[in-house]
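> give me the fold of what follows.
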Amino acid sequence: MRGEIRLAPDEPSLAFPDIEEVRLIRKGRASTLRLESLREVDGAYLVAFEGFVDRDQVRDQLAGGIVWVPRSTLEDAGAGEAYVYELVGARVVDASGTELGTVGAILAGAGQDLLRIDPGERLLPMVPDTMRGFDRVSRVLTVAPIPGLWDE
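A predicted model of the protein is given here:
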């Protein structure tokens, strides 16, 4: 192995866009990296970046980071779909319009992703039964909380 790093997309069905540069966020710092090579392997990608020549350098300087691609390179999300970046910070309401908070984060879970609703850091499984719709224009996510999930 040379200086390649394995990138696992949040949504494996999406193809990696045809781009030359990405932004890497790691340990609170952002940097721009130029792609040297990219190849698909087992539902992920092996990527080499310019200036990174061995696996120790990659591990020490890149591992654990989050890679961002330019929005302009992504396909539009389809009906009933949204990108994580669209949801974080969006208002969350239930079907009756009651304000529940805002999306604080999307957390990767073992069985399904979890929506963290702030304030209160309430977690909601992101499954078809709980996700009702997303209005991109007003940035409002409508959900159907599982009865009793947040009872104390």
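> CA atoms for contacts and neighbours, from now on please.
OK.
> domains in the protein, as residue ranges please.
For the chain, the structural domains run 4-73, 84-143, going by automatic domain parsing.
> average pLDDT for the lengthiest strand in the chain, rounded please.
What stands out as the longest strand in the chain, according to DSSP state E, is strand 29-41. For strand 29-41, mean pLDDT rounds to 90.
> any weak-confidence spans in the protein?
Low-confidence segments of the chain (pLDDT under 70): 1-2, 10-14, 152.
> strands along that one, start to end?
All strands of the chain, identified by DSSP E, fall at 4-7, 21-26, 29-41, 44-49, 66-68, 91-94, 99-107, 114-118, 122-125, 131-135, 140-143.
> circling back: what's the most buried one of the domains of the chain?
A comparison of these by mean neighbour count, using mean count of other CA atoms under 10 Å, puts domain 84-143 on top with a mean of 16.
> tell me how far the ends of that one are from each other?
End-to-end span of domain 84-143 (CA to CA, to the nearest Å): 15 Å.
> quick one: residues in contact with stretch 60-72.
Applying CA atoms under 8 Å, 6 or more residues apart in numbering, the contact partners of stretch 60-72 are 5, 17, 19, 21, 22, 23, 24, 25, 26, 27.
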